[in-house]
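Q: Based on what follows, work out the 3D shape:
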Amino acid sequence: MSRPVGSILAKLQILHQLEMARKLATAVLQYHSTAWLCPDWNVNDISCSGNADHTSDEDINEVLQTLHLSTRFPPQSSIQVLRKPHDESQLKYLYGIRNLTLAKLGVALLEIGCRKDITELDADRTPHRAISARKILSGRPLLLALLGRKYIKLTRQCFRLAGTRPLRVFEEFGFDNQQAVI
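A: Next up, the predicted model:
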């Protein structure tokens with residue numbers, strides 16, 4: 001049975017979080033400029049199979065081996081444009097998002113790191129998940145502290161990237177084109 005990975009986030013331990021983040025980032029970096037990945041994707045567009053109801057390391061490792069992205073071509077109507085914020089203070093968080101697909105990678109990395117959906121982390125209910133993530137990352141995200149400064153830096157970097165060759169920026173984090181994808 002295939003299920004969205006959002007349903008297993010709370011069961012992940014640190015090593016599982018890092019492994020899921022690595023696999024997801026590699027896949028997104030390889031597919032971000034293709035029609036295979038909708039620009040406004042989210043963590044529930046990634047599925048897994050297996051028995052995630054058990055929380056043993058072996059069960060979770062098996063589930064992580066089955067991660068896969070949705071391969072549906074997105075209909076034109078599903079590509080959402082960021083809405084204009086109603087509040088001027090939100091504009092600074094919206095400004096600078098140059099690549100929505102990669103910004104959504106930042107959202108997913110934040111959700112994996114916090115083991116929660118972004119809507120549970122944002123009390124203000126901003127008009128877009130990317131804005132919520134930027135607001136959380138602009139401070140000191142204590143929920144990500146266990147994963148380390150490099151993880152936080154990588155997550156923040158997703159909101160600054162533009163163009164079709166972000167892989168060069170990610171090389172300092174150990175990503176390369178030769179790694180297997182989800």
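Q: Tell me which residues touch the nearest residue to residue 12 once chain neighbours are set aside, please.
A: Among residues not flanking residue 12 along the chain, residue 115 sits closest, at 5.9 Å (Cβ to Cβ, 6 or more residues apart in numbering). For every residue, glycine as well, the C-beta is placed using N, CA and C. Listed by Cβ atoms under 8 Å, 6 or more residues apart in numbering, the contact partners of residue 115 are 9, 10, 12, 17, 143.
Q: hmm, 6 Å instead?
A: Residues in contact with residue 115 (Cβ atoms under 6 Å, 6 or more residues apart in numbering) are 9, 10, 12.
Q: Contacts only, for the second one.
A: What it means is residue 10. Counting by Cβ under 6 Å, 6+ apart, residue 10 has contacts residue 115.
Q: try the first one
A: For residue 9, the set of contacting residues under the criterion of Cβ under 6 Å, 6+ apart consists of residue 115.
Q: Just want to check the distance between it and residue 33.
A: 27 Å (Cβ to Cβ, to the nearest Å).
Q: I'd like to know how many residues surround residue 100.
A: Using other Cβ atoms under 10 Å, residue 100 has 19 neighbouring residues.
Q: what do you get for residue 35?
A: 8.
Q: Per-residue pLDDT of it, please?
A: With respect to pLDDT, residue 35 scores 71.
Q: So which residues of the chain form helices?
A: Taking DSSP state H as the criterion, the chain contains helices spanning 14-31, 57-64, 88-94, 100-114, 118-121, 129-138, 149-157, 167-170.
Q: helices and strands around the fourth one, which ones?
A: Translated: helix 100-114. Where contact means 3 or more Cβ pairs under 6 Å, 6 or more residues apart in numbering; DSSP states H and E, helix 100-114 is packed against helix 14-31, helix 129-138, helix 149-157.
Q: so which of those helices is the most packed in?
A: Most buried of the helices and strands packed on helix 100-114, by mean neighbour count (mean count of other Cβ atoms under 10 Å): helix 129-138, with a mean of 22.
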